[in-house]
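Trainee: got a predicted model here, sequence first, then my questions.
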Amino acid sequence: MINPKNFTIQTEVSPAYHDQILDFIYKYYLFPQNDVFEDIKKNKFRGQNNLSFVFKDKNNITGTIEGRIWSGDEIKVSFNPQGDVSSDSLNQLAEDIFIVVQLFEENIRKSTIYFAWVEGQKIIPEKPPSVRKKASKRLFGSGMLLLYVLFFGVNIILFIFLGFYAVIFILLIQMVIVLLSDKIYMKMGDWKITPENPKVHIIQYQIPEKDFKFFRENFGENILFKIKKEIYDASLALGKSPTCDLGEEVLSKYGMHCIPSMRSSKVINVYEIIKKASELFDIPIPKIVVSNNMLPNAAATGPSPKRGLVLITTGLLVQLNEEEILSVIGHEMGHLKGRDPLILFSLISGEFILRLTILFPLVIISPLIYIFVAMGLIFFVAKFFEARADLLSAKVIGSPQVLAEALRKIGYQKLQFERMRSYKISSWALWDPHPPIYFRIKRLENLKNADKISSPLLKSAKDVINGFKDSFRS
């Protein structure tokens, strides 16, 4: 018999929306599946609302799961299996609840006003996760691997016109990109984090959708930037921390009134988090830049650990707690410690030389097939290094479960699609250096004795290959 399962889900939504989370779970998850959920009730115990239900295990007609969800700053979930219940059903139900909560939070973010500052730094307006930013994320992720791919067509053209000299010329260009990768990343950031200016201050107002729409239509982005500057001038410019009360006072001048239970603030000492990770990895503290973008992301690059740079977005700081941020930074430190940008450069350069020498006849015969095969292999091998970075974070930071939770929050949408067998298989073949989210989470949650793993790269390569094979058996 499977033991009861109890867990919590941290949420960033303000107290005013706590009860709405339960309504959302009922309306969009439990009620539409009345063939598997029954006896659904909304209850109140000791002043706290909760939602109870009975789940019928599809894998066994005699097995059921009694579930209860409590709303609050932390959403508490309790599952009590009855009869013969499969562990797969229990785990999938838990993941379903987590994804539904993330979908609710994403819905709330659409009508949330965010303000973020770094003391002593210029005031930058918040940028939503636009198409351009998403493309930028892919372009500069994992040691700028995709940037090298963009050179593929250019390389062929140069080789046609310059012959053998094109090989030397292109390799020099790629080497320069690697050597200057920290400076390229620096341009992507909005703020520099230093010991003198180590903190990011964030205030958010989660307001009703109608009020948010009215404000946007009648005032626009320029007014938001003006409000943000006024809050800064009345706080950080005077050596004080910005507060929700101060922000509300400024907003009220423009006809925007916020309910106290719909606001929140946080201060994250980004420098201390990255300093701690650097000390644990025994590498110099890298340069640190923050991009004021609501897309949750972090990246690292640099030709060596001494010239490393870490980029982090305000979206990541909003959605994750400090322990989760540290685990994600641990992943990025794993890239710096392992000199992954240089290794991936060598991998790309090796393919380039082979392409224009030994493999050139194949390129001429069928360039499209060659591109898909060669790039597919390169991205598959790149997954070894991403998996190693996960493993190094778990081994050095010592929190594999926390990193798994952070990945769930960041990649819940992919996780939802990866439930489908066809997508699960194709996700391994995508031109993405990261292994599928479901694989990374499961691997971290099942990880034991990480400190005893002598060769993280070899272990990661084996895990990725086995994970790819298992996707066909699922």
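Mentor: Perfect, I can see it now. Everything numeric in this text was worked out from a predicted model, so none of it was measured. Numbering: from 1, shown residues only.

Trainee: could you list the domains of the chain?
Mentor: 5-109, 112-129+199-269, 270-473 (automatic domain parsing).

Trainee: which of the ones you listed sits most buried?
Mentor: Highest mean neighbour count among the domains of the chain (mean count of other Cβ atoms under 10 Å): domain 270-473, with a mean of 19. Just so you know, the C-beta spots here come from the backbone N, C-alpha and C atoms, and that holds for glycine as well.

Trainee: for the record, mean pLDDT for that domain?
Mentor: The predicted model assigns domain 270-473 a mean pLDDT of 89.

Trainee: okay, how far is it across that domain, tip to tip?
Mentor: One end of domain 270-473 sits 42 Å from the other (Cα to Cα, to the nearest Å).

Trainee: can you redo the domains of the chain as JSON lines with distance to I193?
Mentor: What follows is the domains of the chain, written out as JSON lines (distance: least, Cβ to Cβ, whole Å):
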{"stretch": "domain 5-109", "distance to I193": "22"}
{"stretch": "domain 112-129+199-269", "distance to I193": "7"}
{"stretch": "domain 270-473", "distance to I193": "4"}
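
Trainee: just how off-centre is stretch 349-368 within its chain?
Mentor: 35 Å (Cα atoms, centre = their mean, to the nearest Å).

Trainee: no wait, stretch 444-457
Mentor: Counting by Cα atoms, centre = their mean, stretch 444-457 comes out at 22 Å from the chain centroid.

Trainee: I'd say E386 and D432 touch.
Mentor: No: applying Cβ atoms under 8 Å as the test, E386 and D432 come out as separate, 9.1 Å apart.

Trainee: strands of the stretch 51-200 of the chain, start to end?
Mentor: Here the stretch 51-200 of the chain has its strands, by DSSP state E, counting those that start in this stretch, at 64-70, 74-82, 112-118, 191-193, 199-206.

Trainee: direction included, what does the longest one pair against?
Mentor: In this case it means strand 74-82. The pairing partners recorded for strand 74-82 under DSSP bridges are strand 5-10 (antiparallel), strand 64-70 (antiparallel).

Trainee: how about it as PDB, C-alpha atoms only?
Mentor: Written as PDB, here are the backbone C-alpha positions of strand 74-82 (Å, rounded to 0.1, in the frame of the first residue of the first chain):
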ATOM      1  CA  GLU A  74       1.800  28.100   1.200                       C
ATOM      2  CA  ILE A  75      -0.700  25.800  -0.400                       C
ATOM      3  CA  LYS A  76      -0.800  22.600   1.600                       C
ATOM      4  CA  VAL A  77      -1.700  19.400  -0.200                       C
ATOM      5  CA  SER A  78      -2.500  16.100   1.500                       C
ATOM      6  CA  PHE A  79      -3.200  12.800  -0.400                       C
ATOM      7  CA  ASN A  80      -4.400   9.700   1.500                       C
ATOM      8  CA  PRO A  81      -4.400   6.600  -0.800                       C
ATOM      9  CA  GLN A  82      -7.100   4.000  -0.100                       C
END
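
Trainee: got the contact list for the residue nearest to P15 when sequence neighbours are not counted?
Mentor: Of all residues not flanking P15 in the chain, S261 sits nearest, at 4.5 Å (Cβ to Cβ, 6 or more residues apart in numbering). Residues counted as contacts of S261 (Cβ atoms under 8 Å, 6 or more residues apart in numbering) are 14-16.

Trainee: please repeat the previous calculation with a cut-off of 10 Å.
Mentor: 14-18, 206 (Cβ atoms under 10 Å, 6 or more residues apart in numbering).
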